[in-house]
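**Student:** sequence and predicted structure, then a few things I'm wondering about:
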Amino acid sequence: MTLKDLIAYFKYTSNLSNSEFAHEIDVSLATLSRWESGEIKSLNTKTKERLSEFLDIDIDEYLKYDLVKPILGVVKAGYNLNAVENIEDYVVVSSLDAKRGHYFLRVTGDSMIEDKIFPDSLIYVQEVDDVESNTIAVVLINGEEATVKRVIKKDNTLILEAGNPNVKPRYFSAAEIEDLPVKIIGKVLYTKHDF
């Protein structure tokens, strides 16, 4: 995690204006602006202590382990939804999870309900370009349609299998995988429910 990302996260969660945030940690608006732009990438010891105290965290730990992960947007547990990537929010994760995964996606649709991935669930994703057969993954179809499905590999066929008996699996030949293309972009590590 960069200092820029950390400041964005805590400004977002504290609901303070730039001047209020700068005042609380005793820095100028210009300094805060340079943190936000990424121009300043590190903190002196005194500022780090003030910021840690104000936010009630260990800044070094957050920066070292990348403990804040973004919710990048929406993925469909179904089909025919264009990929959306807008930072919706942030989630604090453990140092172990920080090393394993990269981001969260919010799920729409009900095609994975038997795998306990419900509409509005968050899935924690590790960026990968391949998974073992029988793994739940995020798959990008035709560069636009993102879906979360169980990936089954048989012969030269890739099967995207739903966790809902009412949703039929989709089959892609080796040629379709190449031509469309069909790309595995992430492995689902776990699901988090906000409801």
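**Tutor:** Good, I have the coordinates.

**Student:** and N164, helix, strand or coil?
**Tutor:** For N164, the assignment made with DSSP: H, G, I helix; E, B strand; the rest coil gives coil.

**Student:** just use 22 as the starting number from now, easier for me
**Tutor:** Right, with 22 as the first residue, what we last looked at is N185.

**Student:** what's the neighbour count on the closest residue to it other than its chain neighbours?
**Tutor:** By the measure of C-beta to C-beta, 6 or more residues apart in numbering, the closest residue to N185 outside its immediate chain neighbours is S132, 4.7 Å from it. Where you see a C-beta, it was placed from the backbone N, CA and C, and this is true even at glycine. When neighbours are defined as other C-beta atoms under 10 Å, S132 has 25 of them.

**Student:** and S132, that's in a strand?
**Tutor:** No - applying three-state DSSP, one finds S132 to be coil, outside a strand.

**Student:** pLDDT wise, what is it at?
**Tutor:** Looking at S132, its pLDDT is 92.

**Student:** ok, the residue most central in space within the chain - contacts?
**Tutor:** Nearest to the geometric centre of the chain sits Y124, at 1.9 Å (C-alpha atoms, centre = their mean). Contact analysis of Y124 by C-beta atoms under 8 Å, 6 or more residues apart in numbering lists K90, P91, I92, L93, Y145, V146, E148.
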